[in-house]
Every structure is written in C-alpha cells, then in structure tokens.
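Asks: build the 3D model from these lines:
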Amino acid sequence: MWKHIPGVLCLLLGLAAEGQAAWQKCSCNPVMVKDSSFYEGLAIGSPSVLIDSGRFKMLYAAGGLDHKGRIAYAYSSDGVHWTKYRNGTPVFEPDTGNAWDSHFLDTPEWLKDSTGYKMYYFGDTDNDPRHSAIGMATSVDGVHWQRSAANPVLTPGNPGDWDALYIESPAVVFDGTTYFMYFSGVSADYRVRIGLATSSDGIHWTKYPANPVLTEGGLLDWDGFSVGTPTVRFHNGRFEMWYCGVSNFDLLDNKVDTIKVGYAYSYDGIHWTKDTANPILHTYSSPYTPFEQRGPWAPTVVYDDGAGAYRMWYETAHGFGMAEGTPNTPSGRGAKDFPGPLSITVEDGALHIQTAIPGRLTIRNAVGRVMMRNVPITTGVHTIHHQLPQGTYLLTFAVKEGSCLVTQRIYIQ
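Replies: Residues are numbered from 1 along each chain as shown. This is a model prediction of the structure:
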C-alpha cells in the first residue's frame, strides 16, 4: 500500500521558530476566582482547557477546607466568562480506603479522542507528594469519570533518578498514532525538570530512557534552577511547549512575584529548543494587579481557530487569569518551502524518497531510538528497504551543506 507523506518543511538552522506568539494579559482578569465553599475554600489551581464543539471546557483542581484535593469542571462560550458545574461541586473525588489516590487529587490534564475523554491527574494517599503517582480516568461526557484499572499509570523513578522524589503535572498530546505525556519530575534535591513517556493506547506508558527532555538553564538564567508544569500542543507536525521556570535568584530573594513562563518547540517531541525571547510572560506583564501574585503558574494553552489566536489560562494565588497571543508571521526567517521538491512515499518494506538535493537520512522511533543513521540519499528517486515494525517514526533529512534540515513523521503499517 502506497502512502504519500505531504507537507515537508525546510528549517533554516539556528533561526527563530515560526509561530511564537506575543502575549498580552486580558484586562478582564481574573476570569475565575475561588469561592468560600467547602470544596474550594482552600484554593483552586492547575486549569486544563480544551475547545470542544465550539465551547471552552475546563478541568481544574479544587482544594477543600478538609485539605483534600478534588477535580472540578467549568465551561464557557468565550473563554472569559466561566460557569462552574453545579456551583463548583467536584466531578472527580479521591478514591476510598487506602487507595494510592485516596487523599489529594491535583494537576488534571485532559484530551478528547475517538474513544471519548481521557483525564490524567496527580494523586496521593496523605497529602505528601513523596507518596504520589499519576493516574488516568475516562469519560463519555466529560463529567462522569471512571478510573482506569491500570492505575497508577505512571510512577516516580528509583532512588537517585531525576524524578525519584515525585512526579506531577502531566501534559498529554496525541499525534494520531502515539500518545506523548510530558510531566514534571522532582529529584531528591527538589530540582524540577520535564520528562517524557509514550503510549500506543493512552493507558500503558513507557518513560523515555534519556529523560529529562527539558532541563534548567544556566546559573544566571531565568529558568536556571528548575523547569516544570508543561502544557503541550501538536500542530502541523510540530510540538509546542509552554512551561514555568524558576531562577536561582528567585530562591535567594524568596519573592512570590517572580514566576515566569517560557516557550519551546520540537519536531520529534524529544529534542526541544527554547525560544530566544524567553520568558514570554511573567508576573509583572501588563496589566499587573495584586491578583497576579504567585502567577502565572501551571499554564494551559489552546489555539482558538475562530479568533486566530492562542489562549492561555494560568493559576495565581487568587484564581485564574487569561492571556492571548497572536502568532508571529515569519518574514524570510523560520520555516519555508523546501528548495527543490522532496517527497516521501511509504510502501510495505520500502521508503521511496525523491529529492533534487542530496543529503543524509536518519530515522528514529516514537521514543527517540535511532533505527537508521545518516543514510546517504542521492538526487532523483532513492529506495530504502527496511525491516521496521509497524508504528510511527520521525525522519530527519540533513542537506550536505548543512543549510537545511527536513523533518517528517511517517507511519509504517
């Protein structure tokens, strides 16, 4: 069976990413605040938003007066004015007895695929993150949830690992064949980094062996101590990530108004490039009010096709704020069409590549393992016979001159 792979991109190496946005906080903030009810009296946090059938839908964490965490739901027609489902009554409660998630639920993330809604969340037994893991639940309507029998679906690492202390803040995307989960991992010295796990069904996960995939910056950088709480989207063959960073200076002055959000992008979901304009949003970004204290934290980002803009919701000490970003349009920089046609066709047992420019091809599987490296590709039609098993792969094609790099995802049946 022949399968044509369209839309190959040429990237000028070392230049800025296409599609980064200039962000502006909404003058309407806050868009949601905690109330004094039993379920939200302590705090609300970790919003996770998706657009479904023209409506904005949000899951968020609610900290109750009993010091238990629950998951609640809200909806909106414009992303600004939100209605809490049943006045904030949670849609997902801690489990009973001595279950692994019987005490505190937090950092929800959800998506919708052909089977319905999938939610991923942090859970623990005693409000101690060292006794925690990440679980999963499913729903047909986004309100009534059923825990997975496989829970917990992801657990902390072994002693000495980068994520040995605890894990949280899952961010899950589906590229059509593979689920990618990005999560915050905390080491014994309380440094936070971002790791990756992959799954073919959204239930059974394998951690990427070379984790973490996003780490802290240099000693003096804005994210020089830790990076975490990612939100990720997959669009037009590219992964985009927004994440929070903490600097070493933030720790020294013990301020609460120093939280910042950065942006990174990747073409394989594994190797990430931080944007040179980082941080792209911070506590004092205009307009600033006391509401912004301890924010923006735990961002969630969607692209609103109707508005032609990104929307970001984020946590503060007092509730949720919103910001909007308009994608930048590249002008002679970033992505452009490949010079001289390059096409890739997949047939059982063979890849057929046609190019007007010679180069070298590398193929990686869904978790980044190199299956073929630097295979020479001549001009014209080049056929590569392979014995790769069924699955999703990332092809990178490097032009010999080093002036261009092509990336493309393929699926081998």
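Asks: domain parsing for this protein?
Replies: For the chain, automatic domain parsing gives the domain ranges 3-7+333-412, 19-327.
Asks: could I get those as a markdown table with mean neighbour count?
Replies: In this view, the C-beta of every residue, glycine as well, is placed from N, C-alpha and C. As requested, those are exported to a markdown table (neighbours: other Cβ atoms under 10 Å):
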| stretch | mean neighbour count |
| --- | --- |
| domain 3-7+333-412 | 15 |
| domain 19-327 | 19 |
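Asks: turn these into JSON lines, columns for mean pLDDT.
Replies: Compiled in JSON lines, the domains of the chain are given as follows (pLDDT from 0 to 100):
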{"stretch": "domain 3-7+333-412", "mean pLDDT": "67"}
{"stretch": "domain 19-327", "mean pLDDT": "93"}
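Asks: what segments of the protein are helices?
Replies: Here the chain has its helices, by DSSP state H, at 248-253.
Asks: which residue lies nearest the spatial centre of it?
Replies: Most central in the chain under Cα atoms, centre = their mean is V232, positioned 2.3 Å from the mean C-alpha point.
Asks: so what pairs up with that one in the strands?
Replies: Beta-bridge pairing for V232 (DSSP bridges): M241.
Asks: cool, and K57?
Replies: Under DSSP bridges, the beta-bridge partners of K57 are L50, Y75.
Asks: who are the contact partners of it?
Replies: Going by Cβ atoms under 8 Å, 6 or more residues apart in numbering, K57 touches V49, L50, I51, Y73, A74, Y75, G142.
Asks: what sits against the fourth one?
Replies: Read it as Y73. Per Cβ under 8 Å, 6+ apart, neighbours of Y73: K57, M58, L59, Y60, K84, Y85, V91, G142, V143.
Asks: the third one contacts L105, correct?
Replies: When you say that, I think you mean L59. No - when contacts are counted by Cβ atoms under 8 Å, L59 is not listed as touching L105 (10.5 Å).
Asks: return every residue with contacts to both of those two.
Replies: Listed as contacting both L59 and L105 by Cβ under 8 Å, 6+ apart are I71.
Asks: thinking again about what came up before, isn't the residue nearest to the centre of the chain up against F180?
Replies: Yes - in this structure, V232 is within contact of F180 by Cβ under 8 Å, at 7.2 Å.
Asks: intersection of neighbour lists for those two?
Replies: V172, V173, F239.
Asks: out of everything not next to it in sequence, what's closest to the first one?
Replies: Using Cβ to Cβ, 6 or more residues apart in numbering and skipping residues adjacent in sequence, the residue nearest V172 is M181, 4.9 Å away.
Asks: distance of the closest residue to L219 other than its chain neighbours from E216?
Replies: Sequence neighbours aside, N248 is the residue nearest to L219 in space, at 6.4 Å (criterion: Cβ to Cβ, 6+ apart). To E216, N248 is 9 Å away according to Cβ to Cβ, to the nearest Å.
Asks: how about T289?
Replies: Counting by Cβ to Cβ, the gap from T289 to E216 is 30 Å.
Asks: now swap in I412 and tell me
Replies: On the measure of Cβ to Cβ, I412 and E216 end up 36 Å apart.
Asks: in CSV: the shared contacts of V232 and F180, plus distance to R311.
Replies: Below are these laid out as CSV (distance: Cβ to Cβ, whole Å):
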residue, distance to R311
V172, 19
V173, 17
F239, 18
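Asks: for L395, state which of these is nearest.
Replies: Nearest to L395 among the shared contacts of V232 and F180 is F239, at 15.7 Å by Cβ to Cβ.
Asks: please list all residues in contact with the nearest residue to the closest one once chain neighbours are set aside.
Replies: Counting by Cβ to Cβ, 6+ apart, the nearest residue to F239 once its immediate chain neighbours are dropped is S266, at 4.4 Å. Residues in contact with S266 (Cβ under 8 Å, 6+ apart) are R238, F239, M241, W272, T273.
Asks: nearest to A43, of those?
Replies: Distance ranking of the contacts of S266 against A43, using Cβ to Cβ, places M241 first at 25.1 Å.
Asks: from memory the closest one sits against V261, does it?
Replies: No - assessed by Cβ under 8 Å, M241 is found out of contact with V261, at 10.5 Å.
Asks: you'd agree the residue nearest to L219 is up against G218?
Replies: No - between N248 and G218 there is no contact under Cβ under 8 Å: 9.7 Å.
Asks: report the set of residues contacting both of those two.
Replies: Contacts common to N248 and G218, judged by Cβ under 8 Å, 6+ apart, are G224.
Asks: what about the strands in the stretch 151-300 of the chain?
Replies: Along the stretch 151-300 of the chain, counting by DSSP state E, counting those that start in this stretch, strands occupy 166-174, 179-186, 192-199, 206-207, 226-235, 238-246, 260-266, 273-274, 281-282, 297-304.
Asks: please apply the same query to the stretch 301-413 of the chain.
Replies: Under DSSP E, counting those that start in this stretch, the stretch 301-413 of the chain gives strands at 309-315, 319-327, 335-336, 342-347, 350-355, 359-365, 370-377, 380-385, 391-399, 405-412.
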